[in-house]
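S.K.: What shape does this take:
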Amino acid sequence: MADIEIQFDDTVDITDVVCPVTFVKAKVAIEELDDGQILKVHMNDGEPIKNVPRSLKDEGHQILKISENDDGTYDLFVKKVEE
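M.R.: Presented below is the predicted three-dimensional model:
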């Protein structure tokens, strides 16, 4: 079965920063979107993949998908939900 590609409205790359800036950059990026829009967050393994999805979910946003890339990074797709 083929993996379904998710269409997204914006992207943010947090592979160049460390905690807690990883979540801060993702939070700022999603706040700039309209309700219902989708953000793609490109991140590293380890702390970001553990904490960023959880923190965004705790903010009330919907985690749609997390996919692992061939280079060991991950892409998180999150839908903005108004608090």
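S.K.: Endpoints of stretch 65-82, how far apart?
M.R.: One end of stretch 65-82 to the other measures 19 Å (Cα to Cα, to the nearest Å).
S.K.: Residues in contact with it: which ones?
M.R.: Contact with stretch 65-82 is made by 3, 6, 8, 15, 26, 30, 33-45, 48-49, 52-53, 56, 60-64, as judged by Cβ atoms under 8 Å, 6 or more residues apart in numbering. For the C-beta atoms, the positions are set from N, CA and C on the backbone; glycine is no exception.
S.K.: Tell me the buried residues within the residues you listed.
M.R.: Neighbour counting by 16 or more other Cβ atoms under 10 Å classes 8, 26, 30, 33, 38-41, 43-44, 48-49, 52-53, 56, 61 among the contacts of stretch 65-82 as buried.
S.K.: before we move on, the earlier item: among the contacts of stretch 65-82, which are located in strands?
M.R.: 38-43, 62-64 (DSSP state E).
S.K.: Now do the host helix or strand of residue 67 against strand 38-43, angle only.
M.R.: Here residue 67, judged by DSSP states H and E, is contained in strand 62-68. Relative orientation of strand 62-68 versus strand 38-43 (axes from the mean of the first three to the mean of the last three Cα atoms, to 10 degrees): 40 degrees.
S.K.: relative to strand 38-43, how tilted is the following helix or strand past strand 62-68?
M.R.: Tracing the chain past strand 62-68, the next element assigned as helix or strand by DSSP H and E is strand 74-79. Interaxial angle of strand 74-79 relative to strand 38-43 (the same axes, to 10 degrees): 160 degrees.
S.K.: Kindly provide the distance from residue 43 to residue 34.
M.R.: Residue 43 sits 23 Å away from residue 34, taking Cβ to Cβ, to the nearest Å as the criterion.
S.K.: what bridges to the nearest residue to residue 41 once chain neighbours are set aside?
M.R.: With sequence-adjacent residues excluded and distances taken as Cβ to Cβ, 6 or more residues apart in numbering, residue 41 is closest to residue 76, at 4.2 Å. Beta bridges link residue 76 to residue 41, residue 66, judged by DSSP bridges.
S.K.: when you give positions from now on, start the count at 467
M.R.: Done: numbering now begins at 467, and the last item shifts to residue 542.
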